[in-house]
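> Output the structure for:
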Amino acid sequence: MKKSNLHSVKNLLPDNNRCAGILMHITSLPGKFGIGDLGEAAKDFAAFLFRSKQTVWQLLPLNPTADSAGHSPYSSISSMAGNTLLISPEMLVDSGWLTMEDINENTCTSSDRVNFEEAEKIKHRLFEKAFDRFSKSRKQKHRQGFDEFCKTEKSWLHNFALYSMLKSFHENMPWYKWPKEYKFRDSKALMKFSKDQTSGLEKIKWLQYIFFQQWHMLKAQCNDMGIRMLGDLPFYVSYDSADVWTSPEIFSIDKHGKPKEVAGVPPDYFNAEGQCWGMPVFNWNALKKQQYSWWVNRIRKNMELFDLIRLDHFRAFADYWAVPANEKTAIHGQWKKGPGTLIFKVLETRLGKLPFLAEDLGDIDEAVHQLRRDLQFPGMKVLQFAFGDNMPSSDYIPHNYESNFAVYTGTHDNNTTRGWFRKDITSTERDNIQHYTGEKVTDKNIHHKMIQLAYSSVAATAIVPLQDVLGLDENARMNVPASTKNNWSWRLLPDQLTDKHEVWLRKLTITYSRIRT
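Model (predicted):
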């Protein structure tokens, strides 16, 4: 691979090679439909980032989620589709598909938690009305854009619509419990089903059209303000997904449709039994024979959606933890070789420069570090990992950083910084923080101290979860790894983000030269 053609850190960073941003998922925005969406609150947040001189907005994956997986965006039912719960009903009013009367009849009180069940009910009713009006419209301009979208996205869109419609038809059962003719994709059965369900399939496709239309409007607005969208790419997809149903040959699936090996990680910082995710691992030999076409299409789509892409679980490209499907924990898995640099050579040849940030956290060995260095991708540092017994030599302590990294106070998998200080740290860590900062640190100011450490470090990019900017405690945590309850639901309240936060972030950004020149 020619290193001169690889993504350089300058693709990730502004002109002075230093920048800052905020981690804030769309679902966490305030609003009156039970969940954050791509409407006014998203635009307002983008304006906040602009005024506070942040140039990166990091999000969690935008793919559709499922109640059966606790609405985890990292266990999606499709690697290509968008989460239609993020569609803004108010923008549908602007488009003429809904009325303000429709909106006023379908709202709920905004709270600091996503109400997935209520959001689904509200938006289902509104989407029915909107699609009905679209279906009855005789204006060619309305149909033309949708038809072009269906043509452009045909490689995945019809299969996703079929999968979604069949799930609804079979009372939301996973594909591997459907009758054989659907489970194993009998062409005659699928053709007949498609003819019988024409309107339902079109509605699913139309909602995808609306999602991507609204997303691109938000992205364009952010880009116009100098804000780059940093997306997050999960390594795996759910067993019950359109991808596995459509292309079982590229996954570790037997002839009966059952997984042979599933993904996870060995025991680590987060869980003594490791994490068993239940998602089938890839059949890398089959993918190689197909010139990694599934990955090429997936990365191409994400490069259309985002300016920068975080590769979640990057270590699996070097080697991955494969757990026998009958195991209840991840303890008895084993490491297996991933595709290494080969897949990135193919991606670069097909797609050009790759705007990747490697999530190189957890149980990492030298092979993973070497892969990241060979590819010249920025890596990650997390300050919450820095203050243990090995603090002076820790990879996560700022004095040991190199510039080609993004530093975080914590990620979506960590406690909030205040919650971490209150609930999780040891006395050694507490003493080390006091000594390292040279100041008295309490649960009232720990978030300020940690954010300052991140901004002042030599790491080229500093990313802070919004909960840490606000100084929120453990109740605002986004996810507890290996737990399936009460995750992914934190929301910002209206007016919770103030001018005070904006001014403080702006001063910090200017002080530590994390501003585009």
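> Wait, residue 393 touches residue 399, no?
No. Assessed by CB atoms under 8 Å, residue 393 is found out of contact with residue 399, at 10.0 Å. Every residue, glycine included, has its C-beta placed from N, CA and C.
> of these two, who's got more company?
residue 399 (11 against 8; other CB atoms under 10 Å).
> could you pull out the strands for the stretch 401-517 of the chain?
According to DSSP state E, counting those that start in this stretch, the stretch 401-517 of the chain carries its strands in the segments 405-408, 461-465.
> How much space separates residue 329 from residue 482?
Distance of residue 329 to residue 482, computed by CB to CB, to the nearest Å: 10 Å.
> do residue 184 as well
33 Å.
> Looking at those two, which one has more neighbours?
Ranked by neighbour count (other CB under 10 Å), residue 184 and residue 482 place residue 482 first, with 19 against 16.
> Could you verify my assumption that the more buried one touches residue 267?
No. Residue 482 is beyond contact range of residue 267, at 10.5 Å (criterion: CB under 8 Å).
> okay, and the common contacts of those two?
Shared contacts of residue 482 and residue 267, defined by CB atoms under 8 Å, 6 or more residues apart in numbering, are found at residue 273.
> since we're on the closest residue to residue 30 other than its chain neighbours, how many residues are nearby?
Nearest residue to residue 30, sequence neighbours excluded (CB to CB, 6 or more residues apart in numbering): residue 494, at 4.6 Å. Residue 494: 13 surrounding residues under other CB under 10 Å.
> The one 5 residues further on too?
By the criterion of other CB under 10 Å, residue 499 has 10 neighbours.
> Just confirm residue 262 is within a strand.
Yes. Assigned with DSSP: H, G, I helix; E, B strand; the rest coil, residue 262 falls within a strand.
> Okay, residue 250 and residue 478: tell me how far apart.
30 Å.
> my bad, residue 200
34 Å.
> quick one, which of the two is more surrounded?
The neighbour comparison of residue 200 against residue 478 (other CB under 10 Å) goes to residue 478, with 23 against 16.
> and the strands of the stretch 401-517 of the chain as JSON lines, adding mean neighbour count?
Shown next, in JSON lines, are these (neighbours: other CB atoms under 10 Å):
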{"stretch": "strand 405-408", "mean neighbour count": "25"}
{"stretch": "strand 461-465", "mean neighbour count": "28"}
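> would TSV of those with distance to residue 368 and mean pLDDT be doable?
As requested, those are exported to TSV (distance: least, CB to CB, whole Å; pLDDT from 0 to 100):
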stretch	distance to residue 368	mean pLDDT
strand 405-408	14	98
strand 461-465	20	98
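> Serialize the ones you listed to a markdown table and add fields for distance to residue 254.
Converted to a markdown table, the strands of the stretch 401-517 of the chain look like this (distance: least, CB to CB, whole Å):
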| stretch | distance to residue 254 |
| --- | --- |
| strand 405-408 | 39 |
| strand 461-465 | 40 |
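> Indicate which one of these is closest to residue 438.
strand 405-408 (19.4 Å; CB to CB).
> That closest one packs against which elements?
Applying 3 or more CB pairs under 8 Å, 6 or more residues apart in numbering; DSSP states H and E, we find strand 405-408 packed against strand 379-382, strand 461-465.
> Report the residue spans of this structure with pLDDT below the cut-off.
Within the chain, the segments meeting pLDDT under 70 span 1-15, 269-270, 516-517.
> now with 50?
1-14 (pLDDT under 50).
> Can you show me the strands along it?
19-23, 56-58, 228-233, 261-265, 275-280, 308-311, 319-324, 334-337, 356-358, 379-382, 405-408, 461-465 (DSSP state E).
> ok, and which of those strands has the densest surroundings?
strand 461-465 (a mean of 28; mean count of other CB atoms under 10 Å).
> list the contacts for residue 331?
Here residue 331 is in contact with 266, 267, 273, 274 (criterion: CB under 8 Å, 6+ apart).
> ok, now which ones touch residue 473?
416, 418, 419, 422, 443.
> Pull up the gap between the residue nearest to the second one when sequence neighbours are not counted and residue 446, please.
Using CB to CB, 6+ apart and skipping residues adjacent in sequence, the residue nearest residue 418 is residue 473, 4.8 Å away. In this structure, residue 473 and residue 446 are 10 Å apart, going by CB to CB.
> shared neighbours of the two, which are they?
residue 418.
> ok, back up a step: closest one to residue 112 among the strands of the stretch 401-517 of the chain?
Minimum separation from residue 112 across the strands of the stretch 401-517 of the chain (CB to CB) falls at strand 461-465, 14.9 Å.
> quick one, the closest one and strand 228-233 angle?
Inter-element angle recorded for strand 461-465 and strand 228-233: 70 degrees (by axes from the mean of the first three to the mean of the last three CA atoms, to 10 degrees).
> Point out the other helices and strands that strand 461-465 packs with.
strand 19-23, strand 56-58, strand 405-408, helix 446-456.
> switch the cut-off to 10 Å
In terms of contacts (3 or more CB pairs under 10 Å, 6 or more residues apart in numbering; DSSP states H and E), strand 461-465 is packed against strand 19-23, strand 56-58, strand 379-382, strand 405-408, helix 446-456, helix 499-511.
> what would these look like in TSV with distance to residue 150?
Listed next are those as TSV, based on distance: least, CB to CB, whole Å:
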stretch	distance to residue 150
strand 19-23	34
strand 56-58	29
strand 379-382	38
strand 405-408	37
helix 446-456	44
helix 499-511	42
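> for the chain, which residue is closest to the average position?
Nearest to the mean C-alpha position of the chain, by CA atoms, centre = their mean, lies residue 61 at 2.1 Å.
> Chain neighbours aside, what residue packs nearest to that residue?
Closest residue to residue 61 apart from its sequence neighbours, by CB to CB, 6+ apart: residue 73 at 4.1 Å.
> Next up, the contacts around residue 171.
Going by CB atoms under 10 Å, 6 or more residues apart in numbering, residue 171 touches residue 177.
> if I look at it, how far off is residue 484?
Residue 171 sits 22 Å away from residue 484, taking CB to CB as the criterion.
> distance of the residue with the largest distance to the centre of the chain from residue 393?
The outermost residue of the chain relative to its centre, with distances by CA atoms, centre = their mean, is residue 138 at 37.4 Å. Separation of residue 138 from residue 393 (CB to CB): 70 Å.
> In the stretch 351-500 of the chain, mark out all the helices, start to finish.
Along the stretch 351-500 of the chain, the stretches classed as helices by DSSP state H, counting those that start in this stretch are 366-375, 417-419, 427-437, 446-456, 466-470, 499-511.
> Remind me what the fourth one packs against, helices and strands.
Here helix 446-456 touches strand 19-23, strand 405-408, helix 417-419, helix 427-437, strand 461-465, helix 466-470, helix 499-511, going by 3+ CB pairs under 10 Å, 6+ apart.
> now the fourth one and helix 446-456, what's the angle there?
In terms of direction (the same axes, to 10 degrees), helix 427-437 departs from helix 446-456 by 50 degrees.
> Give the other helices and strands that helix 427-437 contacts.
helix 446-456.
> Just the CA coordinates for the helix it packs on, please, in PDB.
As requested, the backbone C-alpha atoms of helix 446-456 are provided in PDB (Å, rounded to 0.1, in the frame of the first residue of the first chain):
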ATOM      1  CA  ILE A 446     -13.700  16.900  38.000                       C
ATOM      2  CA  HIS A 447     -15.400  17.300  34.600                       C
ATOM      3  CA  HIS A 448     -13.700  20.700  34.100                       C
ATOM      4  CA  LYS A 449     -10.300  19.400  35.100                       C
ATOM      5  CA  MET A 450     -10.600  16.400  32.800                       C
ATOM      6  CA  ILE A 451     -11.800  18.400  29.800                       C
ATOM      7  CA  GLN A 452      -8.900  20.900  30.400                       C
ATOM      8  CA  LEU A 453      -6.500  18.000  30.300                       C
ATOM      9  CA  ALA A 454      -7.900  16.800  27.100                       C
ATOM     10  CA  TYR A 455      -7.800  20.200  25.400                       C
ATOM     11  CA  SER A 456      -4.400  21.000  26.600                       C
END
